[in-house]
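1. what's the 3D shape of this:
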Amino acid sequence: MAWMVGDWSCQLKSLDTGSVEAARIRFSPELGGAWLREEVLVPGRGKEPLFESISHFGLDGARWMRLDVDASGRFKVLRAKSAGDSTLWSPQETPEGSFRERIERKGDARWEAIIDVREAAGWTKAITWVCLRK
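-> Below is the predicted model of the structure:
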């Protein structure tokens, strides 16, 4: 996941409303490079950011772990069997497991992600991200 380190300019699109927002993401190594930190800012159109979060990615034994914390204090833990050019971050099997994200590397200067939400009929695509290296 070292390819993610750096600053990214992103466009995210809500698939249910069609709204498009700009976002800034920064990935940086932490804990001596053993983990990766992600800072996400979606400025929005008002005085306060539309969305802001910090995530930590790292290897926890044999599985990859990701901890997301947003500005309101909500958090979620996601896991991946492997991490690299294509990574599927999924929740543990709990009632709160209503979110997953697939990140796909599209070369040295681009990546895309799809966020799915769990509904009664299964997983539904909710948000897409397209990010370019600054």
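2. in the helix or strand where Leu132 lies, which residues are buried?
-> In this structure, Leu132 is located in strand 122-133 according to DSSP states H and E. With burial defined by 16 or more other C-beta atoms under 10 Å, the residues of strand 122-133 counted as buried are 126-127, 129-131. Placement of C-beta: from N, CA and C, glycine included.
3. check which helices and strands that strand is in contact with.
-> Using 3 or more C-beta pairs under 8 Å, 6 or more residues apart in numbering; DSSP states H and E as the contact test, the elements touching strand 122-133 are strand 6-14, strand 20-30, strand 110-119.
4. pLDDT score for the nearest residue to Val5 once chain neighbours are set aside?
-> Leaving aside its sequence neighbours, Val5 sits nearest to Phe27 (C-beta to C-beta, 6 or more residues apart in numbering; 5.1 Å). In the prediction, the pLDDT value recorded for Phe27 is 98.
5. still on that earlier bit, name every strand pairing with the strand holding Leu132 and say which way it goes.
-> Note on strand 122-133: by DSSP bridges, its sheet partners are strand 6-14 (antiparallel), strand 110-119 (antiparallel).
6. wait, which of these is closest to Glu52?
-> If you check each of those against Glu52 by C-beta to C-beta, strand 6-14 wins as the nearest, at 13.3 Å.
7. and the angle from the closest one to strand 20-30?
-> Strand 6-14 and strand 20-30 meet at an angle of 150 degrees, taking axes from the mean of the first three to the mean of the last three C-alpha atoms, to 10 degrees as the criterion.
8. now strand 6-14, how far from the centre of its chain.
-> The offset between the C-alpha centroid of strand 6-14 and the centroid of the whole chain comes to 10 Å, using C-alpha atoms, centre = their mean, to the nearest Å.
9. now stretch 111-122
-> 12 Å.
10. offset the numbering so it begins at 56, please.
-> Yes, from this point I'll number from 56; that puts the last item at stretch 166-177.
11. got a list of contacts for that stretch?
-> Stretch 166-177 is contacted by residues 59, 63, 152-161, 178-186 when judged by C-beta atoms under 8 Å, 6 or more residues apart in numbering.
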